[in-house]
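>>> Just to be clear, the model below is a prediction. Sequence and coordinates:
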Amino acid sequence: MKIKLLLIFLFIVGFKTFSQSDVYYFKDANSSLTYKNIAQEEFKPLNKEVLEKKSEATFWFKIPANKTDLNYIFRIKSIRATNAKAYQNLREIKKLRNQRYSSFKFSRESPMYVKVSSNFSSYFPVELNTVEDAAFEEKIQLLIDGFYYGVAFLVILFSINYFYFFKDNSFLYHAFLLASLTLSFILSDG
């Protein structure tokens, strides 16, 4: 019975997990291509995330057309990917506002191209979901982050309280350490 439940769980998780077969990439080593001439290049399927150390190349992602009525969101889950631009039908698609990462909403009636470059190492984990799935995943992530920050804030308050009652400096050091770590996590989350 346990094995059957495990297989059902793995099937559901495997079905729900995005396979990167819908996303293709091209490495523009000279950063010379534009959205008008990128369609002629040969893209490779993206099996893993793009990770290249010390690369100043521009990466292009292609999401091919698909006959569906659903809208999709393409998200680059890295805060370093600030130089991202998306194009569809030779027009630029605006980034979604108030998002933690660079995100673009589009329909799959025609292919979409995303141009990404970084001033640091080229690390571009991407995610392609429907609008509903992307919103749900973002809400879950914000909920988990909120729980962590709430518990961290309570532990900081308890440490300051213990310092006040026991007059032991180690509680104050612990509160300062935890506040510094939490602040760094908040800054890196965006």
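Okay, I see it. Numbers count the residues shown, from 1 in each chain.
>>> residue ranges of the strands in this structure, please?
Remark: strands assigned in the chain by DSSP state E are 24-28, 44-45, 50-52, 58-63, 71-76, 83-88, 91-93, 102-107, 112-117, 122-124, 126-130.
>>> contacting residues around the last one?
Same thing as strand 126-130. 18, 20, 22-23, 46, 49-50, 61, 63, 70-77, 134, 137 (CB atoms under 8 Å, 6 or more residues apart in numbering). C-beta coordinates here come from the backbone N, C-alpha and C atoms, glycine included.
>>> Let's see that with 7 Å instead.
18, 22-23, 49, 61, 63, 70, 72-77, 137 (CB atoms under 7 Å, 6 or more residues apart in numbering).
>>> What is the most widely separated pair among these?
Glu49 and Leu70 (23.8 Å; CB to CB).
>>> Please name the bridge partners of Ser117.
Note on Ser117: beta-bridge partners by DSSP bridges are Asn83.
>>> dump the residue contacts of it.
Contacts of Ser117 (CB under 7 Å, 6+ apart): Ser31, Thr58, Asn83.
>>> Check which helices and strands the longest helix along the chain sits against.
Ranked by residue count, the top helix of the chain under DSSP state H comes out as helix 131-166. Applying 3 or more CB pairs under 7 Å, 6 or more residues apart in numbering; DSSP states H and E, we find helix 131-166 packed against strand 71-76, helix 169-189.
>>> between it and strand 102-107, how many degrees?
If you take axes from the mean of the first three to the mean of the last three CA atoms, to 10 degrees, helix 131-166 sits at 150 degrees to strand 102-107.
>>> Let me see the mean pLDDT of helix 131-166.
In this model, helix 131-166 carries a mean pLDDT of 94.
>>> Show me where the protein dips below the pLDDT cut-off.
The chain contains residues with pLDDT under 70 at 1, 5-21, 190.
>>> change it to 50
Residues of the chain meeting the criterion pLDDT under 50: 15-20.
>>> before we move on, the earlier item: which one of the strands of the chain lies nearest to Thr182?
Of all the strands of the chain, strand 122-124 comes closest under CB to CB, at 23.8 Å.
>>> who does the closest one pair up with?
strand 50-52 (antiparallel).
>>> got the buried residues for the partner strand?
For strand 50-52, the neighbour count (16 or more other CB atoms under 10 Å) marks Val50 as buried.
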